[in-house]
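Visitor: I need the structure of the sequence given here:
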Amino acid sequence: MNLLKIESDLQSFKTIDFKPTGLNIILGDDPANATEDGGSNGVGKTLSLGILHHCLGAQNAIPKIAKKMPQKVFTLHYQFDSYRNKISRNALGNEITLNKHTYKIKEFREHLNNAGFFYIPNDSEYLSFRTLIKRFSRLTKKDCDHPLQTESENDYQSLLTSLHLLGTDISLVIRKKKLKNDLDSISQELKTFKTSATLKSLVLNGKNPKIQLDKTLIEIEALQKKLDNFEVVDDFKIIEREANALKQLIAKNEREISILNFNKSNIIKSLQVSPDISKNDLTEMYNGLEAIFKPEILKHFDAVEKFHNTISQNREKRLKDELISIDNKIAKLTDLNKVNLDIQQNKINYLKGKSALDEYTVMANKLVELKNTYQTVTKFLNLENQLNKNKLDIQEEMIKEDRRTLNYIETNPLDEKDHIFKDFISQLYDQAAAGIFLENNPGTNQLRYNLKVEIDGADSDGIDNARVLAFDMLNLLHGNNHRINFVWHDNRLFADINPKARASWFKFILNKLKFTNKQYIVSLNKENLLSMKEYLSYEEYEEIQKCIVLHLKGDIPENKLLGVQIESYSET
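Guide: Purely as a prediction, here's the structure:
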């Protein structure tokens with residue numbers, strides 16, 4: 001991919017026509033209050049790089065431009081496989097057209113992955129056009145902080161992407177991450193089980209899960225046996241109520257029999273007491289009463305005795321009749337209870353070993369609960385055993401992987417790249433110790449290697465930026481798995497490099513890119529260009545001047561990239 005042109009249907013936009021090969025400079029005379037973000041306060045150097053990314057599938061729209069001129073379209077022209085292509089995208093970002101074919105953003109990014117700009121293995125989830133293109137066009141400050149890492153990347157992603165472009169075997173990198181992920185996955189599954197309510201009660205409360213498992217199994221077998229012997233009766237509750245009603249009736253009859261027996265006992269006692277009055281009794285009464293009553297009142301003792309005898313006989317007959325009646329009632333109630341007892345016992349015998357459906361359901365649910373508990377604890381114990389086994393398996397595999405890695409490192413896979421990187425750094429700093437180092441990382445983590453790109457004295461911003469310049473140029477000229485023919489470096493990468501080193505770098509670029517199809521695009525402040533002049537010959541400085549493809553100024557809005565002041569712009 002070579003860049004040809006960036007243009008817009010915004011009439012005031014300054015079209016960027018790139019030279020097809022060699023050095024391309026977007027020069028900016030920034031105003032005193034300019035920022036490195038470009039667009040609103042600066043002249044648009046960094047904004048031009050932002051527009052490139054916008055056309056190449058950046059996820060988000062360009063801030064402020066999307067708000068003020070959402071329907072304005074920016075178009076990137078590029079050449080790939082001898083074909084000229086163009087990508088157009090409006091500032092809002094929701095309309096993308098590639099050679100008259102319209103895409104949604106997700107579909108477009110997938111197309112870029114498969115278009116052949118990069119070789120992207122099927123087994124890598126992190127390699128994509130967007131992650132790789134940022135190595136050739138670092139947009140944000142964080143993209144520029146380190147040669148191996150761009151913004152929002154974790155250590156594994158940056159390692160994988162860097163090694164892929166350096167042409168090393170990344171299968172060992174992917175393999176170690178998979179082993180670590182497998183271990184993490186099992187550990188997470190174990191953690192999930194331990195947080196379940198069942199295991200909290202059986203494991204985390206100090207109970208021995210194996211003992212609890214045996215206890216649960218005994219409960220399951222006992223309950224299962226009970227359920228197997230149960231016969232569910234549809235009318236169980238009706239029969240049970242009938243048996244209970246008979247029980248209550250029998251008890252009621254027993255109480256009545258008790259009362260009748262009590263009455264019978266009283267009658268028998270009454271019969272044993274004689275109420276008769278004899279003549280002797282009357283005489284004695286008379287002897288005691290003759291002082292009170294007249295003698296004629298106490299006459300006729302025989303008649304009185306006869307009268308009392310008649311009353312006594314009538315009372316005895318009545319009591320004996322009552323005894324007969326009570327005995328009849330007792331006999332009747334006793335016979336009735338005997339019948340009721342037989343009926344009740346038959347009902348009880350019928351229900352014995354049987355169950356009502358709701359009772360059966362409760363017991364069945366309890367059995368399911370016990371079985372679930374048993375399965376959960378069993379799975380936990382098996383998982384724990386499997387985890388320990390897998391840990392050993394993974395540790396053994398990691399030892400084998402360490403050996404494979406050491407054997408691979410012994411082949412010096414980055415030896416050629418290391419020498420080229422050293423040569424590039426020497427163009428900036430004479431006698432500076434530098435190198436690319438690949439070491440085995442034996443730790444239990446996702447990182448297969450420790451990859452380092454170093455320059456002696458890399459604690460200063462200028463030397464740190466030099467690492468990025470040299471590493472990106474290494475990928476452009478000698479990198480692998482890509483067909484990108486340009487690197488775009490923003491002014492922020494040159495600001496802290498001393499003018500002499502900067503001048504040496506540009507001389508090196510002019511010579512290095514001759515007779516190649518590579519492009520080196522830079523956005524540069526004019527003061528950074530002028531400060532190099534004393535370290536360049538007249539011819540070298542003139543040659544660099546001829547590489548300026550766009551000169552932006554911050555004196556008036558018309559001389560900036562957009563040609564308008566965004567804050568005061570109103571789209572019609």
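
Visitor: what's the nearest residue to residue 175 if we skip its chain neighbours?
Guide: residue 401 (6.3 Å; CB to CB, 6 or more residues apart in numbering). No exception for glycine: its C-beta is placed from N, CA and C like everyone else's.

Visitor: Ok, residue 427 next?
Guide: Residue nearest to residue 427 in three dimensions, not counting chain neighbours: residue 508, with 4.0 Å by CB to CB, 6+ apart.

Visitor: my guess is the one you found meets residue 429, correct?
Guide: No - using CB atoms under 8 Å, residue 508 and residue 429 do not qualify as a contacting pair, with a distance of 11.9 Å.

Visitor: give me the element the most centrally placed residue in the chain is part of.
Guide: Nearest to the centroid of the C-alpha atoms of the chain, with distances taken as CA atoms, centre = their mean, sits residue 188, at 10.8 Å. Counting by DSSP states H and E, the element that carries residue 188 is helix 171-194.

Visitor: what's that helix packed up against?
Guide: Based on contacts counted as 3 or more CB pairs under 8 Å, 6 or more residues apart in numbering; DSSP states H and E, the elements that helix 171-194 packs against are helix 155-166, helix 357-409.

Visitor: Taking helix 171-194 as reference, get the angle to the longest one.
Guide: When you say that, I think you mean helix 357-409. Helix 357-409 and helix 171-194 are oriented at 160 degrees to each other (axes from the mean of the first three to the mean of the last three CA atoms, to 10 degrees).

Visitor: quick one, what contacts residue 117?
Guide: Shown here is residue 117, whose contacts under the criterion CB atoms under 8 Å, 6 or more residues apart in numbering are 1, 80, 129, 132-133, 482-484.

Visitor: what's the farthest-apart pair in those?
Guide: Using CB to CB, the pair of the contacts of residue 117 lying farthest apart is 80 and 132, separated by 15.0 Å.

Visitor: Those two - which one has more neighbours?
Guide: In terms of neighbours (other CB atoms under 10 Å), residue 132 is the more surrounded of residue 80 and residue 132; the figures are 24 against 15.

Visitor: what about that one, distance to residue 313?
Guide: From residue 132 across to residue 313, the span is 133 Å (CB to CB, to the nearest Å).

Visitor: Residue 222 too?
Guide: From residue 222 across to residue 313, the span is 73 Å (CB to CB).

Visitor: I'd assumed residue 465 was in contact with residue 144.
Guide: Yes - look at residue 144 against residue 465 with CB under 8 Å: they come within range, at 7.1 Å.

Visitor: With neighbour numbers in mind, choose between these two.
Guide: Here residue 144 and residue 465 are set side by side on neighbour count (other CB under 10 Å), and the busier one is residue 465, at 24 against 20.

Visitor: Surely that one is within a strand?
Guide: No - under DSSP: H, G, I helix; E, B strand; the rest coil, residue 465 sits outside any strand and is assigned helix.

Visitor: Quick check: it touching residue 494?
Guide: Yes - using CB under 8 Å, residue 465 makes contact with residue 494 at a distance of 7.3 Å.

Visitor: Where does pLDDT dip in the stretch 101-250 of the chain?
Guide: 193-194, 196-209, 230-237, 239-240 (pLDDT under 70).

Visitor: picking up where we left off before, buried ones in the helix holding residue 188?
Guide: Neighbour counts over helix 171-194 (16 or more other CB atoms under 10 Å) mark 172-177, 179-180, 183, 186, 190, 193 as buried.

Visitor: And those residues, which is closest to residue 60?
Guide: Nearest to residue 60 among the buried residues of helix 171-194, with distances taken as CB to CB, is residue 177, at 28.0 Å.

Visitor: Strands along this structure, start to end?
Guide: Using DSSP state E, the strands assigned to the chain run over residues 2-8, 16-17, 22-29, 73-80, 83-90, 96-98, 101-103, 231-232, 354-355, 434-440, 449-455, 486-489, 519-525, 548-553.

Visitor: Out of these, which is closest to residue 537?
Guide: Closest approach to residue 537 among those is made by strand 22-29 (15.9 Å; CB to CB).

Visitor: That closest one vs strand 548-553, what angle?
Guide: For strand 22-29 and strand 548-553, the angle between their directions (the same axes, to 10 degrees) works out to 10 degrees.

Visitor: got the CA positions of strand 22-29 in CSV?
Guide: Taking C-alpha atoms only, strand 22-29 is exported to CSV below (Å, rounded to 0.1, in the frame of the first residue of the first chain):
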residue,chain,number,x,y,z
GLY,A,22,10.7,8.7,-0.8
LEU,A,23,10.4,11.4,1.7
ASN,A,24,7.1,13.4,2.1
ILE,A,25,7.0,16.3,4.5
ILE,A,26,3.8,18.1,5.7
LEU,A,27,5.4,21.3,7.0
GLY,A,28,3.6,23.5,9.6
ASP,A,29,4.2,27.0,10.7
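
Visitor: For it, give the mean pLDDT please.
Guide: Average pLDDT, strand 22-29: 96.

Visitor: Can you tell me which helices and strands it packs against?
Guide: Using 3+ CB pairs under 8 Å, 6+ apart, strand 22-29 is in contact with helix 45-55, helix 499-512, strand 519-525, helix 526-530, strand 548-553.

Visitor: The last one vs strand 519-525, what angle?
Guide: Taking the same axes, to 10 degrees, one finds strand 548-553 and strand 519-525 inclined to each other by 20 degrees.

Visitor: Help me confirm that residue 455 comes into contact with residue 424.
Guide: No - at 10.4 Å, residue 455 and residue 424 do not qualify as touching, with contact defined as CB under 8 Å.

Visitor: Just say which of the strands of the chain is most tucked in.
Guide: Using mean count of other CB atoms under 10 Å, the stretch among the strands of the chain with the largest mean neighbour count is strand 519-525, at a mean of 24.

Visitor: So what's the gap between that one and the chain middle?
Guide: 44 Å (CA atoms, centre = their mean, to the nearest Å).
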